[in-house]
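Enquirer: structure for this input, please:
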Amino acid sequence: MSILAIRDSVEYPLSVGRRGEEQRDADSILSEGGDELTRLYLAEIGRVNCLSVAEEQDLAGHIERGRAERAKPADLRDQLAIAQAEQAIQRLVEANLRLVVWVAKRYRWRVDSRC
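Expert: Have a look, this model is predicted:
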């Protein structure tokens, strides 16, 4: 299950609604579930494999072919190439997000305390 599916399945109450208690705003509701969502996201993104140079070049080739197909008239487009390009973009984005998380974890304790 993807993090988006998990996020969309979480039910957030809109208000407490008992004897004069104040309604909770969206920020406080989301912050309560934020740690869990972050943990789930990090677990999910950790399952994504890093790309080799050859894999990255292959994905880039699929993306370029898909762009070229989209530039053609609709009746002449190769729909398979377009679908492969969309999958390549998704794979590249996921791998790059994993890299960003990996770098962030390495530097999380090196934050400048003067900020």
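Enquirer: nearest residue to Leu59 in space, please, no chain neighbours.
Expert: Of all residues not flanking Leu59 in the chain, Ala88 sits nearest, at 4.2 Å (C-beta to C-beta, 6 or more residues apart in numbering). The C-beta positions use only the backbone N, C-alpha and C, and glycine is treated the same way.
Enquirer: that neighbour and Asp75, how far apart?
Expert: Using C-beta to C-beta, to the nearest Å, we find Ala88 at a distance of 24 Å from Asp75.
Enquirer: neighbour-wise, which of those two wins?
Expert: Ranked by neighbour count (other C-beta atoms under 10 Å), Ala88 and Asp75 place Ala88 first, with 21 against 5.
Enquirer: I'd assumed Ile63 was in contact with that one.
Expert: Yes. When contacts are counted by C-beta atoms under 8 Å, Ala88 is listed as touching Ile63 (5.1 Å).
Enquirer: go through the lengthiest helix in the chain and flag the buried ones.
Expert: Using DSSP state H to define each element, the chain has its longest helix at helix 79-107. For helix 79-107, a neighbour-count test (16 or more other C-beta atoms under 10 Å) marks Ala81, Ile82, Gln84, Ala85, Ala88, Arg91, Leu92, Glu94, Ala95, Arg98 as buried.
Enquirer: look up the closest residue to the last one, ignoring the ones flanking it.
Expert: This points to Arg98. Nearest one to Arg98, counting by C-beta to C-beta, 6+ apart, is Val48 at 4.5 Å.
Enquirer: residue contacts, the residue nearest to Leu59?
Expert: Residues in contact with Ala88, defined by C-beta atoms under 8 Å, 6 or more residues apart in numbering, are Asp58, Leu59, Ala60, His62, Ile63, Gly66.
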